[in-house]
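Enquirer: return a 3D structure for these sequence lines:
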Amino acid sequence: MCKALINHKASATVDKKGSPMAPPWPGPANNTNRKGFLSNASPLRGCNCVSKAKTDLWERLFNEAYKADVAIHTDDGGIIYAHANILGTASPVMKGLLKQPKVSRRPRSIAIQGVPYDAVRVFIRFLYSSCYEENEMEEFVVALLVLSHLYAVSPLKRECEQKLEHGLLNTENVVDIFQLALLCDAPRLSLICYRMILKNFKAVSTTEGWKVMKQSHPTLERELLESAIEEDSRKKERIRKINERKIYLLLYEAMEALVHIYRDGCQTIGPWDKDFKENKDPCKYVACKGLELLVRHFAGCKLRVPGGCIHCKRMWQMLELHSRLCADSDVCKVPLCRNFKERIRKQSKKDEVRWKMLVTRILRTKKIAGAPFLSSGVVSSLWQ
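Expert: Alright, predicted model coming up:
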């Protein structure tokens, strides 16, 4: 039962995060004068745009049961009198039930079982005037959803789905509503419930509705568990990629700052032919300050060999990464750029593949971020 919904995700419209989006409501978009609301969106009764006088006339016809020819019986012994023509017009299922010819003066009878008398009364009144009281909808929304599906009353079914979607759906009832939506062929409501269950899985899995579903529909419970595990894996993968992208962006910014330091100079460090002003504007490169400290350490460290000092090792890696990104070592002012170009040719295939992968991911991440490539003159246009 749930499998059909889960398989449907493959063909459903997805949002920017890749999650399935709820299908739109059929027909024209709702405006502020939709059923049940005034132009200022204040709750009224669930009525359409028919004038109040006509609505009151239909309400009066229902309440007084003038010349009613149908008796609707409920479980608790209640009887609601109605008119066959109105029931048949509003519901094709009712029309089929009332097709048999009348053989006596007694009203024809219909039995509606499984729901309380008050819910049946709200349902029949809706067939007359398309109206309901807000408090009645909140109390009987589940029963009305079932009745609207069984008797093919699409307007009421849509009203019930909207009420559930916009306030009546919560973690306590979402499992019951989800199962009901699957049974009542309500794909939009099913998908909304499904997404709420996955989003609040820890809280939902402790509710009474989940425990009942576990006993009555173990297959559905197992499929939801599998979906929750998949969703958790996707969430962890998204977080991993986000963190990975941040690291690549930091490396890219460090490369820009490195070129900036050795080409333009910054604060108190830079090329020998640059004069530094005492009151310089703050550097626009975020990574410049930390990189400047690393360069100063590298220049004065006595263990300035690869592997001898962790800070120097990091500086060697930064210089090699720059060399792999640099397009023209002959004009580049970053130290050892040309030396690393010669060293790259002698590296093992394994190291070469690892470095190429790192360079590709850094540039791809920067391109995805929407910012231009390095702004360092001749080098910038070829760093790709």
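
Enquirer: kindly list the longest helix within this structure.
Expert: helix 218-263 (DSSP state H).

Enquirer: return the list of helices and strands in contact with it.
Expert: Counting contacts by 3 or more Cβ pairs under 8 Å, 6 or more residues apart in numbering; DSSP states H and E, helix 218-263 is packed against helix 2-8, helix 187-199, helix 208-216, helix 288-300, helix 310-325, helix 349-369. Placement of C-beta: from N, CA and C, glycine included.

Enquirer: what's the most buried one of the ones you listed?
Expert: helix 187-199 (a mean of 20; mean count of other Cβ atoms under 10 Å).

Enquirer: continuing past that helix, what's the next helix or strand?
Expert: Sequence-wise, the next helix or strand downstream of helix 187-199 (DSSP states H and E) is helix 201-204.

Enquirer: about what we covered before: for the helices and strands packed on helix 218-263, which one sits closest to R158?
Expert: Closest approach to R158 among the helices and strands packed on helix 218-263 is made by helix 187-199 (9.5 Å; Cβ to Cβ).

Enquirer: what angle sits between the closest one and helix 218-263?
Expert: Helix 187-199 and helix 218-263 are oriented at 70 degrees to each other (axes from the mean of the first three to the mean of the last three Cα atoms, to 10 degrees).

Enquirer: can I get helix 187-199 in CSV, CA atoms only?
Expert: Extracted in CSV, the C-alpha atoms of helix 187-199 (Å, rounded to 0.1, in the frame of the first residue of the first chain):
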residue,chain,number,x,y,z
PRO,A,187,-2.1,11.3,-3.2
ARG,A,188,-1.4,14.9,-2.1
LEU,A,189,-2.4,14.3,1.5
SER,A,190,-0.5,10.9,1.4
LEU,A,191,2.7,12.6,0.3
ILE,A,192,2.4,15.4,2.9
CYS,A,193,1.8,12.8,5.6
TYR,A,194,4.7,10.7,4.3
ARG,A,195,7.1,13.7,4.4
MET,A,196,5.9,14.7,7.9
ILE,A,197,6.5,11.2,9.2
LEU,A,198,10.1,11.1,7.8
LYS,A,199,10.8,14.7,9.1
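
Enquirer: wait, what's in contact with L180?
Expert: Residues near L180 by Cβ atoms under 8 Å, 6 or more residues apart in numbering: V142, L145, V146.

Enquirer: top of these by number of neighbours, please.
Expert: Counting neighbours by other Cβ atoms under 10 Å, L145 leads those with 24 neighbours.

Enquirer: out of the helices and strands packed on helix 218-263, nearest to K341?
Expert: Of all those, helix 310-325 sits nearest to K341, with 5.7 Å by Cβ to Cβ.

Enquirer: angle of the closest one against helix 218-263?
Expert: 90 degrees.

Enquirer: the helix or strand just after helix 310-325 vs helix 349-369, what angle?
Expert: Under the assignment DSSP H and E, the closest C-terminal helix or strand after helix 310-325 is helix 337-344. Relative orientation of helix 337-344 versus helix 349-369 (the same axes, to 10 degrees): 130 degrees.

Enquirer: roughly how far does H217 sit from E172?
Expert: Using Cβ to Cβ, to the nearest Å, H217 is found at 18 Å from E172.

Enquirer: typed the wrong thing, it's L57
Expert: Using Cβ to Cβ, we find L57 at a distance of 40 Å from E172.

Enquirer: related to what we said a few turns ago, mean pLDDT and distance to K236 added to the helices and strands packed on helix 218-263, as a markdown table?
Expert: Output for the helices and strands packed on helix 218-263, formatted as a markdown table (pLDDT from 0 to 100; distance: least, Cβ to Cβ, whole Å):
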| stretch | mean pLDDT | distance to K236 |
| --- | --- | --- |
| helix 2-8 | 50 | 20 |
| helix 187-199 | 94 | 14 |
| helix 208-216 | 93 | 23 |
| helix 288-300 | 81 | 30 |
| helix 310-325 | 85 | 28 |
| helix 349-369 | 80 | 19 |
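
Enquirer: need these in JSON lines with distance to N243, can you?
Expert: Output for these, formatted as JSON lines (distance: least, Cβ to Cβ, whole Å):
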{"stretch": "helix 2-8", "distance to N243": "29"}
{"stretch": "helix 187-199", "distance to N243": "22"}
{"stretch": "helix 208-216", "distance to N243": "33"}
{"stretch": "helix 288-300", "distance to N243": "19"}
{"stretch": "helix 310-325", "distance to N243": "19"}
{"stretch": "helix 349-369", "distance to N243": "12"}
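
Enquirer: I86: which of these is closest?
Expert: For I86, the closest of those is helix 187-199, at 27.7 Å, according to Cβ to Cβ.

Enquirer: quick one: mean pLDDT for the host helix or strand of L127?
Expert: Assigned by DSSP H and E, L127 belongs to helix 117-129. Mean pLDDT, helix 117-129: 92.

Enquirer: that helix: what's the following helix or strand?
Expert: helix 134-150.

Enquirer: quick check: buried residues in that following helix?
Expert: Burial within helix 134-150, assessed by neighbour count using 16 or more other Cβ atoms under 10 Å, is assigned to E136, M137, F140, V141, V142, A143, L144, L145, V146, L147, S148, H149.
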